[in-house]
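# test case, fold it:
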Amino acid sequence: MSGESTDGAETVIRRERFADGPARSFMSSLDADQRIFAADLAVDRAHVVMLAEQGIVGDDDAAAILDALDGVEAAGHDALPEGEDVHEAIESAVVAEVGPAGGRMHTARSRNDEVATCIRYRFREDLLAAAEASLELRGALLDAAAAEADTVVPGFTHRQHAQPTTVGHLLASYAGAVARDTERLLAAYERTNRSPLGAAAFAGTTFDVDRERTAELLGFHDVIENSADAVTARDFLIEGCSAFAALSATLSGLATDLIEGAKDGHVELDDAYASTSSIMPQKKNPDSLELVRAVAGDAVGDL
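Below you'll find the model as predicted:
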């Protein structure tokens with residue numbers, strides 16, 4: 001176990017040999033893995049169901065493991081025992097509940113394909129959530145653009161008055177940019193939504209696993225055929241993070257225009273999205289927009 005180990009302490013994966021020492025806590029990713037806790041439970045369940053259907057694990061053992069996983073889910077991430085990561089911690093909790101037969105949940109599987117699958121499972125949720133939000137934003141922009149199609153405002157270049165335009169024209173420009181952001185998010189989703197499960201460490205397994213079945217159970221539309229590629233690929237994360245960064249840049253531009261418009265008196269912010277000064281109560285500060293503008297730098301830097 002990670003943390004302050006005692007002599008003879010064991011883990012379900014490393015056993016006693018690698019269970020002690022001051023580096024255990026340093027090497028543990030358990031806290032950070034909270035983000036993929038639900039994903040790991042889903043992957044575990046799909047794998048166990050497939051193992052039972054293939055006759056690799058008995059039905060009674062599979063049922064006991066699935067019941068134990070329900071208990072782990074109900075208890076939550078904070079109730080997990082110490083472990084090298086969330087995957088080991090969940091398996092440890094299952095073994096503690098079921099006994100040695102609980103370890104059969106890891107049959108024909110490596111943490112390599114397990115981790116890769118969990119990351120994809122969770123990341124596709126993030127991509128879809130952002131795509132859905134971008135569609136809602138585009139709809140709001142187009143509605144506002146239609147309502148303000150004839151509202152004339154000054155247009156700017158270099159922050160100087162340039163050409164007259166309309167509010168509808170400017171808002172529709174951002175709707176077009178958001179549409180491309182949606183396309184990028186969905187393209188990244190398409191390449192993320194492929195299952196690595198069943199690739200094992202990197203060269204497959206001699207067990208008669210059904211990769212298409214676990215992909216189906218987890219909602220993946222396809223499998224990554226090459227087992228080495230399946231466990232090593234992280235390019236989908238770069239692509240997805242690039243789409244997030246592009247979306248944040250679009251939002252930053254929109255926020256900046258609204259901030260400038262509010263400064264010049266062309267835009268009045270709703271109180272719900274502004275704040276005031278602690279010493280000058282007549283002010284209305286565009287704090288929410290300033291935070292949106294600032295996020296783009298974080299997103300690009302993280303990318």
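
# ok, Phe244 - how many residues close by?
For Phe244, the count of nearby residues is 22 (other Cβ atoms under 10 Å). For every residue, glycine as well, the C-beta is placed using N, CA and C.

# which ones are touching the closest residue to it other than its chain neighbours?
Sequence neighbours aside, Ala299 is the residue nearest to Phe244 in space, at 5.7 Å (criterion: Cβ to Cβ, 6 or more residues apart in numbering). If a contact means Cβ atoms under 8 Å, 6 or more residues apart in numbering, then Ala299 has Cys241, Phe244, Ala245, Ser248, Ala249 as its contacts.

# can you tell me the element Ala299 falls in?
Assigned by DSSP states H and E, Ala299 belongs to helix 287-302.

# how about that helix: buried residues?
For helix 287-302, the neighbour count (16 or more other Cβ atoms under 10 Å) marks Ser288, Leu289, Val292, Arg293, Val295, Ala296, Ala299, Val300 as buried.

# for the strand or helix carrying Asp229, packing partners?
Using DSSP H and E, Asp229 falls within helix 227-232. Judged by 3 or more Cβ pairs under 8 Å, 6 or more residues apart in numbering; DSSP states H and E, the packing partners of helix 227-232 are helix 111-147.

# flag every buried residue along the helix it packs on.
Residues of helix 111-147 classed as buried by neighbour count (16+ other Cβ under 10 Å): 111-124, 126-127, 130-131, 134, 137-138, 141-142, 144-145.

# which strands and helices lie in contact with it?
On a contact count with 3+ Cβ pairs under 8 Å, 6+ apart, helix 111-147 meets helix 37-53, helix 86-98, helix 167-192, strand 194-195, helix 227-232, helix 235-263.

# the inter-axis angle of that helix versus helix 235-263?
Put simply, helix 111-147 runs at 30 degrees to helix 235-263, going by axes from the mean of the first three to the mean of the last three Cα atoms, to 10 degrees.

# where's helix 111-147 relative to the chain centroid, distance-wise?
Counting by Cα atoms, centre = their mean, to the nearest Å, helix 111-147 is centred 9 Å from the centre of its parent chain.

# same check on stretch 244-258?
21 Å.

# and that stretch, what's its mean pLDDT?
For stretch 244-258, the mean per-residue pLDDT is 96.

# export it as PDB, just CAs?
Presented in PDB, the C-alpha positions along stretch 244-258 are these (Å, rounded to 0.1, in the frame of the first residue of the first chain):
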ATOM      1  CA  PHE A 244     -10.900  23.100 -26.200                       C
ATOM      2  CA  ALA A 245      -8.100  25.700 -26.700                       C
ATOM      3  CA  ALA A 246      -9.700  26.900 -29.900                       C
ATOM      4  CA  LEU A 247     -13.100  27.200 -28.300                       C
ATOM      5  CA  SER A 248     -11.600  29.100 -25.400                       C
ATOM      6  CA  ALA A 249      -9.900  31.500 -27.900                       C
ATOM      7  CA  THR A 250     -13.300  32.100 -29.500                       C
ATOM      8  CA  LEU A 251     -14.900  32.800 -26.200                       C
ATOM      9  CA  SER A 252     -12.000  35.100 -25.200                       C
ATOM     10  CA  GLY A 253     -12.600  37.200 -28.400                       C
ATOM     11  CA  LEU A 254     -16.300  37.400 -27.700                       C
ATOM     12  CA  ALA A 255     -15.700  38.400 -24.100                       C
ATOM     13  CA  THR A 256     -13.200  41.000 -25.100                       C
ATOM     14  CA  ASP A 257     -15.600  42.600 -27.500                       C
ATOM     15  CA  LEU A 258     -18.300  42.700 -24.900                       C
END
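
# okay, buried residues for it please.
244-252, 254-255, 257-258.

# run through who's touching that stretch.
The contact list for stretch 244-258, computed with Cβ under 8 Å, 6+ apart, reads 130, 134, 170, 174, 177-178, 180-181, 184-185, 267, 269, 286, 289-290, 292-296, 298-300, 302-303.
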